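Chemist: Have a look at this prediction, sequence included:
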Amino acid sequence: MNETLTDKLGVLFPDNRCRQVLDSIVMDVAPDTLVRTMERLKTYPDLGFTMLLDITAVDYLTYPEETSTRFKVVYVLRNWSRNWLLQVVVEVADPERGLPSVSTIWGAADWAEREVYDQYGIVFTGHPDLRRILNHWQFKGHPLRKDYDIRQGQICFETDSLEREIRARLATKGVDESTMRDINTEMMFLNLGPSHPATHGAIRIFTALDGETIMANVNEIGYLHRGFEKTAEHRTYNQVIPLTDRLNYCSALLNNIAYVKAVESWLGLEITERAMFMRVVLSEFFRIQDHLVCLAANLVDMGGLTNYWYLYNEKEASYDLISRLTGARLTSSFTRIGGMYRDFYEGWEADMEHQLAAIEKGVDDSLSLVLQNRIVHDRTQGTCLLPAETALSYGFTGPNLRASGVAFDLRKDNPYYHYDAFDFNVPVGSTGDIYDRIMVRFEEIFESIKIIRQAMKMIPDGDIFVFDHRYVLPPKEQVYNRIEGLANHFKLIFEGVKVSAGEWYDSFEAANGELGFYFVSDGSGRPYKLKVRPPCFYAMAGFHTMVEGEMIADAVINLGSINIIGGELDR
Amino acid sequence: MALGIEASLGDSIVTTKLDAIVNWGRQYSLWPMVFGTACCAIEFMSAAASQHDISRFGAEVVRFSPRQADLMLVCGTISYKQAPILKRIYEQMPEPKWVVAMGACASSGGIYDNYCTVQGIDTVIPVDVYISGCPPRPEAVLDALIKIQEQIRTESVLVDRHKDFKGILD
Ligand code: SF4
């Protein structure tokens, strides 16, 4: 499949070097041809890279090998229907002069470039609004540069007013002071958040209102920026796992799995069949948990408090199983490179089946309140529309994208862990309104239950670890009785799993969409760089397109319907 | 924190009786303002849901308006970007008020010892009770609530609390 892509790229861009890394093609592009190349990549029907998944940069300052420039910027693109993944790599000679912006081509580039600017100080010329996004506006320096000390905190004394930004946004809609004077009214600015019940976390939604209608909206994030990426550079590969719990904390285990899968793909490590099935069962179980919380909270926003009890109680009951298995309720840290932390406990099947039945009941109860409910229909149908094209351009993935009618699901389109062997459907919406987003999540709960039941029938016995002691700790009797075992254990603990040098991207269908990890390894036991492609970030980046022109109360339930989780959004 | 008239009464029998009554009232009708930012807030949701049911302790009237609350629960990591907001919301709460730092992050920065995370919210606002854990279990939230209640029992309406606190933002 990728041969055809390489051929096509070879014909269209003969000057650019291409190589294959895992399942993506990496293409080097010169800065001066960047915009033209990107335009073609998106618009040529033969190529059709409609999605810009992520942009990140690498700082090679302390990299053991010499590189021609200190900074490189990497764009990750996807043609979802053909399962093509492309990385465009551009060298940055001078970060101050930077690169031309591609924000006119994909909506997703707007926030992605801001993040690169904030973290690495690389300028994107022609960007409409290049300012910090994760760090506060009083911050000096760029934390992901290798010469920025990880512990150098900077105090923020005041919150950014955002007034300039919202006025600029209003101006793009043709509304300015004179219009206001003409119609003899005043625009009202309303701030939701960053501490507001509707934001479910720390996000700031700033709106300009005409009556109750939102004329313009700008959002500020970064209130939960916890330095995941910088911290990961100081941890061994296995030590990063607990950090991944705290990305999307409503489905911690999914992140654990996604992360180790990304490392294992690069190592070429084939995990055991049992571990694979365990991961499938647990991914789907946690997908359900995530959807339960999202729906419960979303329906509460709408005034349907009873749903909260129906749905959240099942999540609460699931903790019995989860804590028996992992020892923790929320932050599971249950995977290891090369397998799982522990096997299932005895009798887990009965517990799981019991829990699945309970979830089905809870969801059915909730659906009986929602499905025929005129109020829910009137509030959600036809509001905050997200057309498929906009969704793709902003890099929406997962249930939010599927609600807009795009049947993209990595479990189907780029299957891993035998997902192609399971019988399940990918629910899609028709219009991309709030109703569709709610219903897609409800349906996905039932599909996940289906997958778990099949996997429970198929799961083989056997080991949950590969016995390759370059990656996996040796058994304890070897550690205690034999010097090789002891040395092996110490090396793995102190130095970490040695990962050969290279750069790669790997992705996973998490509850919120495509959760990707971009790694740069220098061959040591710690990632040289680790960037997360968080699905929420891009959903939030496109939030304003959904709510402008709608009522303020709809913005609140819309935020709930796209399921923004702060830990993942801001990292 | 003095209610008004009692300030003129001094340390007499009247005020100790008044203390007892006022404290009894305050103890069992704490109105929490949940400053939920991260993972710990999910565990707070569990504490509020039916299984753990925070209303057994009289603290189920969760207010998101600081002006109507007297117990601030800081559930989650506070970044430097968030800190001024935390402080502002704390200041908007009327006296008397109590603060619980839920979880490792709120208490000390937790696993995030880095450039963006406040190393404990007690550098920004005064804290009465800390809960350990990452995240703490819902029972621990209830435990903290009981601790606050015990603390309230020993307080006097005549004494102002935390008047001379100075944080990094002051
Ligand atoms: S203490 Fe742990 S669970 Fe709580 S907010 Fe911090 S990282 Fe999340």
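Modeler: Now that the structure is in, tell me what you want to look at.
Chemist: Now do the buried residues in the worst-scoring helix or strand of chain B on mean pLDDT.
Modeler: Sorted by mean pLDDT, DSSP states H and E, the helices and strands of chain B end with helix B:13-27, the least confident at a mean of 76. Residues B:T15, B:L18, B:D19, B:V22, B:N23, B:R26, B:Q27 are the ones in helix B:13-27 that count as buried (16 or more other C-beta atoms under 10 Å in any protein chain shown). Every C-beta, even on glycine, is put in place using the N, C-alpha and C of the backbone.
Chemist: Likewise for stretch A:191-201?
Modeler: So for stretch A:191-201, counting by 16+ other C-beta under 10 Å, buried means A:L192, A:G193, A:P194, A:S195, A:H196, A:P197, A:A198, A:T199, A:H200, A:G201.
Chemist: go on, stretch B:145-159?
Modeler: Across stretch B:145-159, burial judged by 16+ other C-beta under 10 Å covers B:L145, B:K147, B:I148, B:Q149, B:I152, B:E155, B:S156, B:V157, B:L158.
Chemist: got it, and stretch A:135-145?
Modeler: Applying 16+ other C-beta under 10 Å to stretch A:135-145 flags A:N135, A:H136, A:Q138, A:F139, A:H142, A:P143, A:L144, A:R145 as buried.
Chemist: neighbours of the closest residue to the fifth one other than its chain neighbours, just the number please.
Modeler: Ranked by C-beta to C-beta, 6 or more residues apart in numbering or on different chains and with sequence neighbours excluded, the top spatial neighbour of A:H142 is A:G121, at 3.8 Å. Neighbours of A:G121 under the rule other C-beta atoms under 10 Å in any protein chain shown: 19.
Chemist: tell me the SS of A:E186?
Modeler: Under DSSP: H, G, I helix; E, B strand; the rest coil, A:E186 falls in the coil class.
Chemist: What number of residues are in the vicinity of it?
Modeler: Look at A:E186: counted by other C-beta under 10 Å, it has 9 neighbours.
Chemist: Indicate the residue of chain A located nearest to the ligand.
Modeler: Nearest to the ligand in chain A, going by C-beta to the nearest ligand atom, is A:R246, at a distance of 4.8 Å.
Chemist: ok, residue 37 - contacts?
Modeler: All of this refers to chain A. A:T37 is in contact with A:F13, A:N16, A:V29, A:V88, counting by C-beta atoms under 8 Å, 6 or more residues apart in numbering or on different chains.
Chemist: other chain: chain B
Modeler: Neighbouring residues of B:T37 by C-beta under 8 Å, 6+ apart: A:G201, A:A202, A:Y223, A:L224, A:G566, B:V74, B:C75, B:G76, B:T77, B:I78, B:Q82.
Chemist: My guess is the last one contacts A:H225. True?
Modeler: No: between B:Q82 and A:H225 there is no contact under C-beta atoms under 8 Å: 9.1 Å.
Chemist: still on that earlier bit, intersect the buried residues of stretch A:191-201 with the contacts of chain B.
Modeler: A:P194, A:S195, A:H196, A:P197, A:G201 (C-beta under 8 Å from any C-beta of the partner chain).
Chemist: Name the nearest of these relative to chain B.
Modeler: Distance to chain B, by C-beta to the nearest C-beta, is smallest for A:P197 among those, at 4.0 Å.
Chemist: Enumerate every residue touching the closest one.
Modeler: Counting by C-beta under 8 Å, 6+ apart, A:P197 touches B:F64.
Chemist: and the gap between A:G405 and chain B?
Modeler: For A:G405, the distance to chain B equals 31 Å [C-beta to the nearest C-beta, to the nearest Å].
Chemist: In contact with that residue: list those residues for me.
Modeler: Shown in contact with A:G405 (C-beta under 8 Å, 6+ apart): A:A388, A:V428, A:G429, A:S430, A:T431, A:G432.
Chemist: Quick check on it: phi, psi?
Modeler: Per-residue torsions, A:G405: phi 90, psi 10 (degrees, to the nearest 10).
Chemist: Could you list the alpha-carbon positions for stretch A:301-320 in CSV?
Modeler: This file holds the C-alpha atoms of stretch A:301-320, laid out as CSV (Å, rounded to 0.1, in the frame of the first residue of the first chain):
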residue,chain,number,x,y,z
ASP,A,301,-25.2,20.1,31.8
MET,A,302,-28.5,19.7,30.0
GLY,A,303,-30.3,19.3,33.3
GLY,A,304,-30.7,15.6,33.2
LEU,A,305,-29.3,14.8,36.6
THR,A,306,-30.8,11.4,36.8
ASN,A,307,-28.6,10.2,34.0
TYR,A,308,-25.6,11.1,36.1
TRP,A,309,-26.7,8.5,38.6
TYR,A,310,-27.5,5.8,36.0
LEU,A,311,-24.3,6.3,34.1
TYR,A,312,-21.8,7.3,36.8
ASN,A,313,-22.8,4.6,39.2
GLU,A,314,-21.8,2.0,36.7
LYS,A,315,-18.5,3.7,36.4
GLU,A,316,-18.2,3.7,40.1
ALA,A,317,-19.1,0.0,40.2
SER,A,318,-16.5,-0.8,37.6
TYR,A,319,-13.8,0.5,40.0
ASP,A,320,-14.3,-2.7,42.0
